[in-house]
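Trainee: turn this into a model:
(one chain, ligands or ions: 1)
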Amino acid sequence: MVKQQGIGTSHAKIILMGEHSVVYGQPAIALPLPSVKLTATIEQRQTHEQLIASRYYNGPLSQLPAAMRGIQKLIEALCQRFAGEQDGWRLTIASELPAERGMGSSAATAIAIVRAFFDYYEKSLDRPTLLKLADIEEEVTHRSPSGLDAATSSSAQPLYYVKGQAGQALEMNLTATMVIADTGVKGATKEAITDVQALIQSDPATANRHIEHLGSLVRDVRGFLQNNEVGKLGVALDAAQDDLAALGVSNDQLDHLIAVARANGARGAKLTGGGRGGCMFAIMETALGARRLASILKEHGAAQTWIQPLDQGGTI
Ligand SMILES: C[C@@](O)(CCO)CC(=O)[O-]
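Mentor: Numbering: from 1, shown residues only. Below is the predicted model of the structure:
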């Protein structure tokens, strides 16, 4: 049984703290960004052709470019699961997420595709199955993923997440506004993950000290978010940025925008996601200050900015 059309949705995510250290078993906190959306739509075709329509590629599934190999592997696994290898369809991916900017574009794409296939074949989908299937794509695209991106881009709630566990919804009580800025430079998550692994091999004492420190900052930050301690949150964010820089995953463009944010009223600022480009964010106490900072960051080279209040019951 298939429908004429199957639809799946997902959204962007922002890692507040714990990127990279989460790969090594430390906790992380990530926030969904439901306003930045992605939709996957499967439409039935009368031929056996399986076509992909997206901003990067339009054509047959079999000829997807190498950068989309994870997506190809995922779709092949889904076709096999539903014995739909001979079915003809067009899969359209419409995304508001900038790709390779630390906002979880690849995981959000995987989540929406899995949901669209289950909708198309009229099967119910539980969360563990959704995340397990999304991991097929993330394993190829990121290598050794923690699962954090997929868990957050499919969640309506902020998550306190430990690799291998489901993730706990995090209650937040914080009066603050987040400004997110895109450096305009593609992030390099896979390379950054590989380089952290290399540092663990070459200098385990230093690497593990920073990874463990990131974990302890995340445990503290959980309390700061619940008790509206914006000042302490800011100090912890700055300290996390120092750890990430020491692990080698920041870069000049990120450092520049982070310095601009700190010089213009941010309580704390750091990179978010895989690093080596992509996005940073800053925490401001007022919405007015956030709007001001967003335009200053643009004057200093940010390609795009987003403003997200953090005081709406935790979901931004
Ligand atoms: C760098 C990393 O921690 C986050 C990428 O958004 C990788 C992962 O968790 O899989």
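
Trainee: tell me where the stretch 1-150 of the chain has helices.
Mentor: Per DSSP state H, counting those that start in this stretch, the stretch 1-150 of the chain carries helices over the ranges 69-81, 105-120, 127-142, 148-153.

Trainee: can I get those helices in TSV with distance to the ligand?
Mentor: Where you see a C-beta, it was placed from the backbone N, CA and C, and this is true even at glycine. Converted to TSV, the helices of the stretch 1-150 of the chain look like this (distance: least, Cβ to the nearest ligand atom, whole Å):
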stretch	distance to the ligand
helix 69-81	13
helix 105-120	8
helix 127-142	5
helix 148-153	4
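
Trainee: so which of those helices is the most surrounded?
Mentor: Ranked by mean neighbour count, the helices of the stretch 1-150 of the chain are led by helix 148-153 with a mean of 28 (mean count of other Cβ atoms under 10 Å).

Trainee: contacts for it?
Mentor: If you take Cβ atoms under 8 Å, 6 or more residues apart in numbering as the criterion, helix 148-153 is touched by 10-13, 15, 18-19, 22, 28, 30-32, 38, 104, 106-108, 110-111, 130-131, 134-135, 138, 142, 159, 161, 163, 166-167.

Trainee: at 6 Å instead, please
Mentor: 10-11, 13, 22, 28, 30, 32, 104, 107-108, 111, 131, 134, 159, 161, 167 (Cβ atoms under 6 Å, 6 or more residues apart in numbering).

Trainee: distance to residue 61 and mean pLDDT for the helices of the stretch 1-150 of the chain - can I get that in a markdown table?
Mentor: Formatted as a markdown table, the helices of the stretch 1-150 of the chain follow (distance: least, Cβ to Cβ, whole Å; pLDDT from 0 to 100):
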| stretch | distance to residue 61 | mean pLDDT |
| --- | --- | --- |
| helix 69-81 | 6 | 97 |
| helix 105-120 | 11 | 97 |
| helix 127-142 | 14 | 94 |
| helix 148-153 | 21 | 95 |
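
Trainee: quick one: which of those helices is nearest residue 46?
Mentor: Shortest distance between residue 46 and the helices of the stretch 1-150 of the chain, using Cβ to Cβ, is found for helix 105-120: 15.5 Å.

Trainee: tell me the contacts of the spatially closest residue to residue 19 that is not a sequence neighbour?
Mentor: For residue 19, ignoring the flanking residues on the chain, the nearest one in space by Cβ to Cβ, 6 or more residues apart in numbering is residue 273 at 5.9 Å. With contact taken as Cβ under 6 Å, 6+ apart, residue 273 is in contact with 15, 19, 102.

Trainee: tell me the most packed of those residues, by neighbour count.
Mentor: The residue in those with the most neighbours, by other Cβ atoms under 10 Å, is residue 102 (30 neighbours).

Trainee: is the longest strand seen in the chain positioned near the ligand?
Mentor: For the chain, the strand that runs over the most residues, judged by DSSP state E, is strand 28-44. No: Strand 28-44 stays clear of the ligand (Cβ under 6 Å from any ligand atom), getting no nearer than 7.0 Å.

Trainee: and that strand, what's buried?
Mentor: Neighbour-count burial for strand 28-44 flags 28-34, 36-43 (criterion: 16 or more other Cβ atoms under 10 Å).

Trainee: farthest pair in those residues?
Mentor: 29 and 43, at 37.8 Å, using Cβ to Cβ across the buried residues of strand 28-44.

Trainee: please name the residues that touch the most centrally placed residue in the chain.
Mentor: Residue closest to the average C-alpha location in the chain (Cα atoms, centre = their mean): residue 104, at 2.7 Å. Applying Cβ under 6 Å, 6+ apart, we find residue 104 in contact with 12-13, 149, 153.

Trainee: for residue 27, same thing?
Mentor: Contacts of residue 27 (Cβ under 6 Å, 6+ apart): 18, 162, 218.

Trainee: neighbour-wise, give me the winner out of those residues.
Mentor: Counting neighbours by other Cβ under 10 Å, residue 18 comes out on top of the contacts of residue 27 with 26 neighbours.

Trainee: spatially nearest residue to that one (excluding sequence neighbours)?
Mentor: Closest to residue 18 by Cβ to Cβ, 6+ apart is residue 28, at 2.5 Å.

Trainee: ok now stretch 225-237, how far from the chain's centre?
Mentor: 22 Å (Cα atoms, centre = their mean, to the nearest Å).

Trainee: quick one: mean pLDDT for that stretch?
Mentor: Averaged across stretch 225-237, pLDDT comes to 97.

Trainee: got the CA positions of it in CSV?
Mentor: Output in CSV follows, covering the C-alpha atoms of stretch 225-237 (Å, rounded to 0.1, in the frame of the first residue of the first chain):
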residue,chain,number,x,y,z
LEU,A,225,19.4,27.1,32.3
GLN,A,226,16.9,26.0,34.9
ASN,A,227,17.7,28.7,37.4
ASN,A,228,17.9,31.7,35.1
GLU,A,229,21.6,32.2,35.8
VAL,A,230,22.6,34.1,32.6
GLY,A,231,25.9,35.4,33.9
LYS,A,232,27.1,32.0,34.9
LEU,A,233,25.9,30.6,31.6
GLY,A,234,27.9,33.2,29.7
VAL,A,235,31.1,32.4,31.6
ALA,A,236,30.6,28.7,30.9
LEU,A,237,30.0,29.3,27.2
